[in-house]
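Asker: need coordinates for the following:
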Amino acid sequence: MKVKKILVSQPKPTNDRSPYYEIAERHHVEITFRPFIKVEQLPLKEFRQQRIQILDFSAIVFTARTAVDNFFALCEEMKITMPESMKYFCNSEVIALYLQKYIVYRKRKIFFSQTGRIDGLAAAFTKHNKEKFLLPVSEQHNDDVAALLETKKLDYTKSVMYRTVNNDFEEGEKLDYDMLIFFSPLGVSSLLKNFPDFKKENVKIGCFGRATIKALNDLDIKIDCEA
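Answerer: Predicted coordinates for the structure are as follows:
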């Protein structure tokens, strides 16, 4: 079967130079971007149930831009202004630079991993081991970052500030594609929630990441392309 229409379960790229456009042009395929999941900020009432006082902390650990967005959204809702003394530890330079959306970058104490992984901050954590760290996380998260903070014997607290939920399809919306591409187990779950009678049949399935591969294998959905 020739693939002509592809559904990518992510938001449409904002950069015109995205490789998706090159693929579409080179292979003469139509690519549609339709997120199967979306991120929602934790309601303020739920956040307050954690009994966390943000200004009790002297350092924040950010592992994603979504964490940055939801952290500062909650701060704004609670009318909290970050003091200039606050330190920020980011697991990549991209996230560190993204902080400019919310703070004056040059006046702040910002540290980031050169490797793009949290273990690249090990030396910085050791140097600043007297800080009190806050780790904003999603409701669905792994504990790799927490494990490193534990190893370093740091004083830290995890705080759920956002969650990933299904992005429901509209009633009557069709899944009329030759190939579906998934990037997370939650995306796979959303597919089955929106289309409980989904059968692979002639639809090709592509996926990214070990967790996504496992989710599809657990459902006995054959994978045609993986990365």
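Asker: next one, pLDDT for residue 18 please.
Answerer: The predicted local confidence for residue 18 comes out at a pLDDT of 86.
Asker: doesn't residue 215 belong to a helix?
Answerer: Yes. The assignment for residue 215 (DSSP: H, G, I helix; E, B strand; the rest coil) places it in a helix.
Asker: now it. Nearest residue, chain neighbours left out?
Answerer: The shortest distance from residue 215 to any residue that is not its chain neighbour, by CB to CB, 6 or more residues apart in numbering, is 3.7 Å, and that residue is residue 185. Placement of C-beta: from N, CA and C, glycine included.
Asker: count of neighbours near that neighbour?
Answerer: The number of residues packed around residue 185, counting by other CB atoms under 10 Å, is 20.
Asker: just residue 146 next, same as before
Answerer: 18.
Asker: if I look at it, how far off is residue 68?
Answerer: When distance is defined by CB to CB, to the nearest Å, residue 146 is 18 Å away from residue 68.
Asker: kindly report the same for residue 58.
Answerer: Distance, residue 58 to residue 68, using CB to CB: 18 Å.
Asker: neighbour count: these two, which is higher?
Answerer: Residue environment comparison for residue 58 versus residue 68 gives the larger neighbour count to residue 68, 22 against 17, counting by other CB under 10 Å.
Asker: regarding this structure, what is its longest strand?
Answerer: Longest strand of the chain, by residue count under DSSP state E: strand 155-166.
Asker: show me the contacts for the nearest residue to residue 2 once chain neighbours are set aside.
Answerer: The shortest distance from residue 2 to any non-neighbouring residue, by CB to CB, 6+ apart, is to residue 178 (7.6 Å). With contact taken as CB atoms under 8 Å, 6 or more residues apart in numbering, residue 178 is in contact with 1-6, 202-204.
Asker: what is the helix or strand where residue 89 lies packed up against?
Answerer: For residue 89, the element it lies in under DSSP states H and E is strand 87-90. Helices and strands in packing contact with strand 87-90 are listed as strand 59-62, strand 109-112; criterion 3 or more CB pairs under 8 Å, 6 or more residues apart in numbering; DSSP states H and E.
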